[in-house]
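Trainee: Need coordinates for the below:
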Amino acid sequence: MKRYLLTWYGMTDLRASLNADSLSGPVLSAICEGDYTDVVVLAYTRPDNTEVTDDSVLAKFTSSDAKSPQAVSEFIDRHSNTSAAHRHFINWISNRLAAEDKRSNVILRPVSLRKLNDTEGIYDAATQTLESIAKEDGEKQVTLYLSPGTPVMAFVWAFAALNFPSLKKRLIASSQPGKPPENIVLPAEWLEWYGRKIPQLKRATNQYDVIFHLFGEQRMPSLLGINQFESNVHIFITSEQFSSDSMKQFIGDADYFEVVINPYDPEDVRKKIVDLLEKLPPTINIAFNLTGGTKLMYAGALSACRKHNGTPFYFENKSNRVINLNSFESTIIEPITSVETFINLNGDDLWISNPGYFKNPTDTQPEDRDTLTKEIWLARSSISSLYKKIIPYNDSNEPFEATNGKISIQFNSDESAYIHINGNEYTFSKWPNFARYITGGWFEEYTYKQLLPLLEENKIFDLRIGLEVSIDDASGYDYLTNQQHYQELDVVFTDGKSLYIIECKAGTVKSDHIMKLQNIVRHFGGVHGKGILNSCFKIQNKTLNKKIQDSKNIKISMGDSISNTVLSLLD
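Mentor: Now for the predicted structure:
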């Protein structure tokens with residue numbers, strides 16, 4: 001079992017290390033009196049960490065015999081709380097322990113504080129030290145030494161310890177210099193008040209014990225809160241109209257609760273949150289995600305947040321920042337780098353039956369296939385005249401032939417394929433679904449390949465092609481008849497903030513194509529989803545162009561300009 005001693009060191013310890021008096025100092029005495037495998041010494045460092053001395057100056061003063069009280073006081077005032085003083089002290093401790101044959105592993109951690117009694121900085125240092133030990137595997141015991149340092153440092157050790165109810169620990173203090181430290185206990189009433197009985201609310205590694213989320217028609221605000229902050233409990237404030245059950249899949253092992261309120265009655269919202277908070281221990285760290293829901297839900301939740309000193313935050317999508325509404329400080333929103341997260345968020349009973357990772361068919365010439373795709377792009381006007389003849393073969397692997405004088409295509413019963421185009425010949429030994437490739441699949445691949453450089457540059461994430469979602473779960477999916485198929489997304493990716501869906505049109509663009517893409521983007525991407533209709537040919541119809549211009553979530557692109565279109569949306 002590891003046995004830890006955690007302590008600050010202060011002026012008395014530094015005096016002892018300088019041989020300024022006959023005592024060993026509180027820290028060295030405690031180590032020698034106890035049986036510790038590891039010792040962590042926190043060291044206050046001046047705000048600017050100014051090096052006003054070097055190691056040789058400290059060594060010279062230590063070795064000198066004549067030290068008047070005034071000289072010692074002046075020397076310590078000048079040289080304490082610097083990196084050189086820290087190095088001197090820890091070396092002195094190590095040498096003394098070696099002489100005593102004590103095998104404790106001692107490390108010193110400098111702590112920069114705004115001032116000596118910077119309560120928040122002291123608390124952060126104590127909490128981070130305890131958290132790092134709590135995360136370690138194996139059995140351990142922690143002893144917190146309250147005497148060294150300032151009274152605030154002592155108080156904060158005791159206060160921080162209450163956040164780790166499952167960590168085996170004790171507190172010690174020295175009642176008199178030169179005497180060994182004694183065990184102390186905190187008052188029972190104080191322990192009860194500060195939540196000794198909250199093992200179900202273990203301290204999370206990042207920020208919060210409980211997060212309240214305002215939940216409404218749009219689910220993304222709640223997902224952003226879950227993705228941004230770790231919490232042991234997520235509570236969703238919602239109305240009867242919108243269930244938050246869909247969020248369970250994203251919270252991992254955290255606890256889930258739903259509170260149903262009247263979304264147009266701020267007092268109802270405030271009261272139900274306050275009633276719940278009063279049942280929770282007073283020491284828990286609470287946050288409020290106020291991004292979703294109605295404005296009146298916001299008002300009621302903010303009032304409850306103020307009453308219980310919670311942290312309110314708001315996700316601002318345009319600036320891509322999450323704002324702390326107490327301090328108005330902001331940080332970048334954590335990116336959502338998987339397209340499946342968006343689809344799972346908004347898909348309800350749908351599931352991803354084909355993840356859409358690009359694969360060559362079972363032919364042995366993938367380079368030829370890429371070259372062929374580029375050749376077809378150059379001959380897109382000619383090959384489009386063959387679509388009508390080949391489309392009937394899309395749902396079968398029956399042999400077919402097609403030609404228009406400039407292009408000759410042949411697909412055989414053994415699934416081999418031949419195409420003569422732009423004066424070049426291509427032969428593939430086996431290519432199932434060749435008809436689907438010829439009648440439009442090639443343009444999806446062309447679009448996908450145009451975007452690969454953006455993926456490699458990390459400007460976009462998780463680029464997929466032909467991703468399919470289906471109804472119900474995998475047990476109800478019929479792979480032979482595809483009868484549970486719901487939607488195929490030609491090309492899809494995310495920029496970390498929004499879902500992008502590209503509909504590829506190798507032939508004529510119609511009005512219903514625009515409406516279909518609008519609905520798909522809104523369904524899977526929410527209000528911030530973005531759609532691109534990538535067409536082989538320039539759209540001449542004024543009505544279609546007007547509909548696209550009027551669409552807030554749809555942009556038009558022309559074939560090889562797709563990467564520029566995406567870049568313009570990313571900006």
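
Trainee: What's the separation between E334 and N285?
Mentor: Using CB to CB, to the nearest Å, E334 is found at 19 Å from N285. Every residue, glycine included, has its C-beta placed from N, CA and C.

Trainee: Just want to know which of the two has more residues nearby.
Mentor: Each of E334 and N285 had its neighbours counted (other CB atoms under 10 Å), and the higher figure belongs to N285 (18 against 13).

Trainee: so that one makes contact with E230?
Mentor: No - N285 is beyond contact range of E230, at 11.0 Å (criterion: CB atoms under 8 Å).

Trainee: joint contacts of the two?
Mentor: Common contact partners of N285 and E230 (CB atoms under 8 Å, 6 or more residues apart in numbering): 207-208.

Trainee: distance between stretch 269-277 and the chain's centre?
Mentor: The gap between where stretch 269-277 is centred and where its chain is centred comes out at 29 Å by CA atoms, centre = their mean, to the nearest Å.

Trainee: let me redo that: stretch 511-527
Mentor: Relative to the centre of its chain, stretch 511-527 is centred 28 Å away, using CA atoms, centre = their mean.

Trainee: which residue ranges form the helices in the stretch 301-450 of the chain?
Mentor: Counting by DSSP state H, counting those that start in this stretch, the stretch 301-450 of the chain has these helices, from start to end: 339-346, 366-378, 380-384, 387-390, 434-436, 442-456.

Trainee: Flag whichever of those has the least confidence on average.
Mentor: Comparing mean pLDDT across these, the weakest is helix 366-378, with a mean of 87.

Trainee: Compute the inter-axis angle for that helix and helix 442-456.
Mentor: For helix 366-378 and helix 442-456, the angle between their directions (axes from the mean of the first three to the mean of the last three CA atoms, to 10 degrees) works out to 110 degrees.

Trainee: so where's the stretch 351-500 of the chain shaky on pLDDT?
Mentor: Residues of the stretch 351-500 of the chain meeting the criterion pLDDT under 70: 360-366, 472-484.

Trainee: mind showing which ranges of this protein have poor pLDDT?
Mentor: In the predicted model of the chain, residues 22, 48-69, 177-178, 185-206, 360-366, 472-484, 571 satisfy pLDDT under 70.

Trainee: Outline the domain layout of this structure.
Mentor: With automatic domain parsing serving as the domain definition, the record reports that the chain contains domains spanning 2-193, 207-334, 336-571.

Trainee: how big is the angle separating whichever strand or helix holds M515 from helix 339-346?
Mentor: Here M515 is covered by helix 511-525, with elements defined by DSSP states H and E. Between the direction of helix 511-525 and that of helix 339-346, the angle (the same axes, to 10 degrees) works out to 90 degrees.

Trainee: Need the residues that contact helix 511-525.
Mentor: Among residues not part of helix 511-525, those counted as contacts by CB under 8 Å, 6+ apart are 342-343, 346-347, 487, 489, 498-501, 503, 505, 529-531, 533, 543-544, 547-548, 551, 553-554.

Trainee: Contacts for whatever helix or strand comes next after that helix next, please.
Mentor: Counting by DSSP H and E, the next helix or strand C-terminal to helix 511-525 is strand 530-535. Contacts to strand 530-535, defined as CB under 8 Å, 6+ apart, come from residues 443, 447, 491, 498-505, 509, 513-514, 517-518, 520-521, 525, 548, 551, 553-559, 562, 565-566, 569.

Trainee: Any of those buried? List them.
Mentor: Among these, those classed as buried by 16 or more other CB atoms under 10 Å are 443, 447, 491, 498-505, 509, 514, 517-518, 520-521, 525, 548, 551, 553-557, 559, 562, 565-566.

Trainee: So which of those residues are in helices?
Mentor: Among the buried ones among the contacts of strand 530-535, the members found in helices (DSSP state H) are 443, 447, 514, 517-518, 520-521, 525, 548, 562, 565-566.

Trainee: Report the two of those residues separated the most.
Mentor: When those are compared pair by pair using CB to CB, the two farthest from each other are F443 and G525, 22.0 Å apart.

Trainee: Count residues in the vicinity of Q487, would you?
Mentor: As a burial measure, the neighbour count of Q487 was computed by other CB under 10 Å and equals 18.

Trainee: Isn't it up against V469?
Mentor: Yes - using CB under 8 Å, Q487 and V469 qualify as a contacting pair, with a distance of 5.2 Å.

Trainee: what do the two both touch?
Mentor: Taking CB under 8 Å, 6+ apart as the contact rule, Q487 and V469 both touch L350.

Trainee: Output the helices of the stretch 301-450 of the chain in JSON lines; the columns should cover distance to I421.
Mentor: Converted to JSON lines, these look like this (distance: least, CB to CB, whole Å):
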{"stretch": "helix 339-346", "distance to I421": "33"}
{"stretch": "helix 366-378", "distance to I421": "5"}
{"stretch": "helix 380-384", "distance to I421": "7"}
{"stretch": "helix 387-390", "distance to I421": "14"}
{"stretch": "helix 434-436", "distance to I421": "14"}
{"stretch": "helix 442-456", "distance to I421": "11"}
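
Trainee: out of these, nearest to T403?
Mentor: Ranking the helices of the stretch 301-450 of the chain by proximity to T403 (CB to CB) places helix 387-390 first, at 9.5 Å.

Trainee: Could you list the residues in contact with the closest one?
Mentor: Contacts with helix 387-390, where a contact means CB under 8 Å, 6+ apart, come from 400, 402, 409, 435, 438-440, 506-507.

Trainee: Most neighbours out of the residues you listed, which is it?
Mentor: Of all those, the most densely surrounded is I438 (27 neighbours; neighbours counted as other CB under 10 Å).

Trainee: hang on, the earlier thing: nearest to F250, of the ones in helices among the buried ones among the contacts of strand 530-535?
Mentor: When these are compared for distance to F250 (CB to CB), G525 wins out at 16.6 Å.

Trainee: List the contacts of N346.
Mentor: Going by CB under 8 Å, 6+ apart, N346 touches 219, 523-526.

Trainee: from the residues you listed, which is closest to D253?
Mentor: For D253, the closest of the contacts of N346 turns out to be R219, at 20.5 Å, with distances computed as CB to CB.
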